[in-house]
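S.K.: Provide a 3D model corresponding to the input given below.
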Amino acid sequence: MASMFDLASRVLRDIGAHELLPDGTRCLVAVSGGPDSMALLHFLQAHAAPKGWNLVAAHLNHRLRGRESDGDEAFLRAHFQDRGIEAVFGSADIPKLKAKTKDSMEMTARKARHEFLAHSATEANCQVIATGHQADDQVELFFLRLFRGAGGEGLSGMAWSSPSPADHRLQLVRPFLHCTRASIWDYVKKHNIECRHDSSNQDTRILRNKIRYALLPLIRNAGFEIQDKVMEACDILEADSSFVAETARNWQRAPQGPFEELPKALQRWLLKRALLESGTTPSFELVEFLRKNPGRRRSVGRDKQLMRTAEGGLILSGTGGISGGPGGHDTKEVVFRITEEKGSLEFGPIEIEWEIIPRNHLGQTRPREPRVEMFDADEIGREIKLRHWRPGDRFHPIGLAKETKLQDIFTNGKWRRSERHEAILAATRCGVLFWVQGLRISERFKLTPSTRNIMIWKWAPIGEDRRWKAA
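M.R.: Modelled structure (predicted):
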């Protein structure tokens with residue numbers, strides 16, 4: 001682990017070895033005001049000129065600690081202004097968001113933070129987002145996930161680089177991942193870096209803090225080198241889980257045999273991924289129920305039921321056939337995987353058909369048909385979610401300069417409230433909307449000269465006599 005004397009050279013080696021920040025990168029740096037993030041910002045600034053890095057600092061005020069949170073923001077505003085650091089600020093009412101999502105306070109804050117960072121990075125034209133996560137965080141996360149029943153993928157911990165959970169087009173990088181908290185403290189003191197301290201880090205009612213202040217000292221006092229051992233275990237688990245994940249993704253792209261005949265590890269990975277994408281916590285018990293019981297429904301809360309199809313897809317619906325969320329938003333959702341080049345599915349009052357063809361099979365001209373669209377099939381992928389409009393949804397209609405709130409599009413288009421709630425949306429596995437019933441297609445998924453495969457997407461009310469049905 002990096003000491004005070006070799007932290008800088010070690011981190012530079014890690015950045016190069018893992019290709020975290022290529023020369024000339026424009027990078028958003030997540031800064032809370034604590035020692036880790038302040039040390040990261042200082043370190044990146046110190047090496048920005050020779051590397052050609054262009055840095056933007058970003059801070060989200062979670063408003064969870066009252067005046068202390070506001071004090072963090074005021075401190076950072078002054079710090080950035082005094083040093084001429086380009087910065088963006090945001091705020092979030094986490095308790096209010098928690099009441100809407102029903103997630104834990106920790107999960108709600110995490111989602112809000114990632115959404116803020118992804119949005120800020122996009123607006124600032126940054127390619128990557130750097131965070132101050134370090135080796136002690138990795139060890140604490142290992143035990144935190146162990147106690148919560150995580151599998152190999154979860155126990156492998158944080159990677160040097162990973163897609164942003166809020167926008168998979170952006171990369172999160174963690175240059176300090178092999179630096180200990182002590183070595184970062186030494187760096188802070190050596191360079192006289194001002195920091196803020198989060199009082200909630202001392203609250204031992206929080207499980208992470210119990211691990212930090214009770215469990216880990218007990219293990220160390222017993223003579224075990226827990227830090228090195230956990231980091232080694234994370235490396236092993238990361239390699240194993242990466243192999244399982246890549247094998248599962250290959251099966252999604254080109255299924256070789258039925259879901260029921262897949263090895264247990266692949267079935268579990270596919271179901272866990274589908275549950276996460278549907279906003280459901282993938283507990284071991286729930287994954288095993290779905291894995292072993294295709295066609296059987298399982299309640300996951302007061303207003304949701306899940307069922308696994310024989311092909312391994314998930315159908316999410318409201319309990320008792322009633323699907324409704326806060327403010328009248330319909331929470332019904334279907335997650336399905338495309339295993340054939342042609343297929344159809346009913347959702348609500350409409351039937352959707354799709355066909356995937358190579359670009360060179362399209363022909364020179366194709367007459368424009370109502371209720372028929374064409375997308376870049378490879379951009380969409382093989383897993384699709386059908387659902388209705390939800391607060392916070394964003395969409396990028398073809399021809400518009402940038403992504404915008406779907407609610408604003410509805411308002412500008414003078415859509416009635418009933419029309420907004422009845423419209424059906426289609427999203428990728430990552431949650432990016434590519435189709436909204438009644439709107440132009442998404443700019444990101446349009447056909448381009450580099451398109452290799454086309455998805456022909458057709459829809460119509462169930463029972464309607466459709467000419468394309470016989471085509």
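
S.K.: could you use CA atoms for every contact and neighbour count after this?
M.R.: Fine.

S.K.: which SSE is residue 228 in?
M.R.: Using DSSP states H and E, residue 228 sits in helix 226-253.

S.K.: what residues of that helix count as buried?
M.R.: By neighbour count on 16 or more other CA atoms under 10 Å, the buried set for helix 226-253 is 227, 230-231, 234-235, 237-238, 241, 244-245, 248-249, 251-252.

S.K.: which of the residues in the helix or strand just after it are buried?
M.R.: For helix 226-253, the following helix or strand on the C-terminal side (DSSP H and E) is helix 264-277. Neighbour-count burial for helix 264-277, with 16+ other CA under 10 Å as criterion, is recorded at 266-272, 274-275, 277.

S.K.: which other helices and strands does helix 264-277 contact?
M.R.: Using 3 or more CA pairs under 8 Å, 6 or more residues apart in numbering; DSSP states H and E as the contact test, the elements touching helix 264-277 are helix 226-253, helix 284-292.

S.K.: residue 376 is nearest to which of these?
M.R.: The minimum distance between residue 376 and the helices and strands packed on helix 264-277 falls on helix 226-253, with 14.8 Å, by CA to CA.

S.K.: what angle do the closest one and helix 264-277 make?
M.R.: 90 degrees (axes from the mean of the first three to the mean of the last three CA atoms, to 10 degrees).

S.K.: for the record, mean pLDDT for helix 226-253?
M.R.: Taken as a whole, helix 226-253 has a mean pLDDT of 87.

S.K.: do stretch 396-403 as well
M.R.: 87.

S.K.: measure it end to end?
M.R.: Length of stretch 396-403, first residue to last, CA to CA, to the nearest Å: 4 Å.

S.K.: mind putting the helices and strands packed on helix 264-277 into JSON lines with distance to residue 185?
M.R.: Putting the helices and strands packed on helix 264-277 into JSON lines (distance: least, CA to CA, whole Å) gives the following:
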{"stretch": "helix 226-253", "distance to residue 185": "17"}
{"stretch": "helix 284-292", "distance to residue 185": "38"}
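
S.K.: so where is this structure shaky, pLDDT-wise?
M.R.: Per-residue confidence for the chain (pLDDT under 70) gives these ranges: 1-5, 101-102, 277-279, 301-303, 316-331, 363-368, 463-471.

S.K.: which residue is nearest the centroid of it?
M.R.: For the chain, the residue lying nearest the average C-alpha position, counting by CA atoms, centre = their mean, turns out to be residue 165 (1.6 Å).

S.K.: please report how far the residue lying closest to that one once chain neighbours are set aside lies from residue 400.
M.R.: Across the structure, with CA to CA, 6 or more residues apart in numbering as the measure, the residue nearest residue 165 apart from its sequence neighbours is residue 114 (6.9 Å). To residue 400, residue 114 is 25 Å away according to CA to CA.

S.K.: same question, residue 244
M.R.: Distance check for residue 244 against residue 400: by CA to CA, it reads 39 Å.
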